[in-house]
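Peer 1: A predicted structure for the sequence below; I have some questions about it.
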Amino acid sequence: MGTPMRRFTASNLGIRRPNENMRLIVTTFVGLVFGFFLGVSFPTVSLSKMNKPSSFFPSIDLTHIEDKYSGLSTQALLNIWSSLKRNRGISHKFNNNKIWAPTNPRGAEGLPPGIVVAESDLHLRRLWGLPNEDIIVRPRYLVTFTVGYEQKKNIDAIVKKLTENFTILLFHYDVVMDILVYVKRISYPARWYAKRFLHPDIVAPYDYIFIWDEDLGVENFDPEEYIKLVRKHGLDISQPGLSPDSGMTWQMTRMRNDTEVHKETEERPGWCKDPHLPPCAAFVEIMAPVFSRDAWRCNDLVHGWGLDFALRKCVEPAHEKIGVVDSQWIVHQTVPSLGNQGMAENGKAPWEGVRERCRNEWAMFQDRMNGESSYEKSNGVAPSIQ
């Protein structure tokens, strides 16, 4: 056998073929072009920041890129790089031009206007059909009652007086559920309902909000006529006049026979510091107040006791915007129902505990109102008339 001969090739001799030389030239050129664009696109970084990763490329392995894209044409690499630059521009624009829409609800200011809706309503809706056909008649007024089983017939009489322009909301303070006999009425338990269920953004569709007790006689009351008079006289906070049969009432809320509406009165000597202040003016009782949409947004109704003396804070000028509608009057039947909800403790009757709670809430409310004077003093504001 002959001696095996080693075959010499161009690769053995370290000689590159022409196509390999061309590939090397193209790869080198692409690397240079890529490095040029990389240097132009990213600003020079100081040495103190060299150990921090880039927000766009945490690390770039050029060898990996060169190997990965060695089989691609120069134009393909340029297309990829252009796409990356576009994405970087979008990301940069998003991060630096942040949305801030102060008209959005609190907590949603970072969303574009129109995505969120600031207001809702209490209207009932179906689970079928076209959404825009759910509500044929949109009530313009909201009437709420605190109710108990003992006053069921009285509430029924009031409800029958109301037209389709009114949404009716019942808040029951006892555990008897038979009060829920009214069809298409909304009901919630609790006495502390006002700003928990009637948030201003929820009742915004209503022009007026009635916050009424259950023991009111309405034989001489027409709700639609009442609204007309409220609009006519520009009242943001009002109530119907109370008949003489209503028992003990403030002089301001007592019905008059010689006028449609009155906004001031004369009380006992020394009761009013100013003729424009409660209880001589700017005053209605909490038993049957009616608020405009704007006035309701102001008040809080956390504590009912004593709040009627502070409602004037919500309208300006209060002695013109608060009044009593005489020609649409009601009877306060003064039925003691809430006292039955108390508990007998330490030898005290249930109603005594309720009365004590009222006094405590009144003291809390006075403390809150006293904060106004502290604020005025600390901020150099001229003191308001108390």
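Peer 2: In hand now; what should we look at? Numbering: from 1, shown residues only.

Peer 1: how much space is there between the closest residue to Leu235 other than its chain neighbours and Val331?
Peer 2: In space, and not counting its chain neighbours, Leu235 is closest to Gly323: 5.0 Å by C-beta to C-beta, 6 or more residues apart in numbering. From N, CA and C alone the C-beta is placed, and that goes for glycine too. Using C-beta to C-beta, to the nearest Å, we find Gly323 at a distance of 19 Å from Val331.

Peer 1: And those two? Which one has more around it.
Peer 2: Higher neighbour count among Gly323 and Val331: Gly323, with 27 against 20, using other C-beta atoms under 10 Å.

Peer 1: Look up the residues forming beta bridges with the more buried one.
Peer 2: Assessed by DSSP bridges, Gly323 has beta-bridge partners Ser238.

Peer 1: got any ranges where this protein has weak pLDDT?
Peer 2: 1-21, 33-97, 174-195, 300-305, 335-342, 381-386 (pLDDT under 70).

Peer 1: which residues of the protein fall in helices?
Peer 2: 18-41, 62-68, 74-96, 152-159, 194-197, 223-232, 293-298, 318-321, 350-379 (DSSP state H).

Peer 1: how about stretch 273-290: buried residues?
Peer 2: 276-290 (16 or more other C-beta atoms under 10 Å).

Peer 1: ignore the last one, stretch 117-125
Peer 2: In stretch 117-125, counting by 16+ other C-beta under 10 Å, buried: 121-122.

Peer 1: Can you give me the first-to-last residue distance of it?
Peer 2: This stretch, stretch 117-125, spans 17 Å end to end (C-alpha to C-alpha, to the nearest Å).

Peer 1: returning to that earlier point: ok, so of the buried residues of stretch 273-290, who is nearest Asn360?
Peer 2: Ile286 (16.8 Å; C-beta to C-beta).

Peer 1: Double-check the closest one against Asp308; I have them as touching.
Peer 2: Yes. With contact defined as C-beta atoms under 8 Å, Ile286 reaches Asp308; the gap is 5.0 Å.

Peer 1: what's around Asn257, how many residues?
Peer 2: Neighbours around Asn257, by other C-beta under 10 Å: 8.

Peer 1: is it true that it touches Pro244?
Peer 2: No. Asn257 lies out of contact with Pro244 (C-beta under 8 Å); the separation is 10.1 Å.

Peer 1: Next, show the common contact partners of those two.
Peer 2: Counting by C-beta atoms under 8 Å, 6 or more residues apart in numbering, Asn257 and Pro244 have no common neighbour.

Peer 1: so how far is Arg106 from the nearest residue to Asp207 once chain neighbours are set aside?
Peer 2: Of all residues not flanking Asp207 in the chain, Arg140 sits nearest, at 5.0 Å (C-beta to C-beta, 6+ apart). The gap separating Arg140 from Arg106 is 27 Å, by C-beta to C-beta.

Peer 1: Noted, bye for now.
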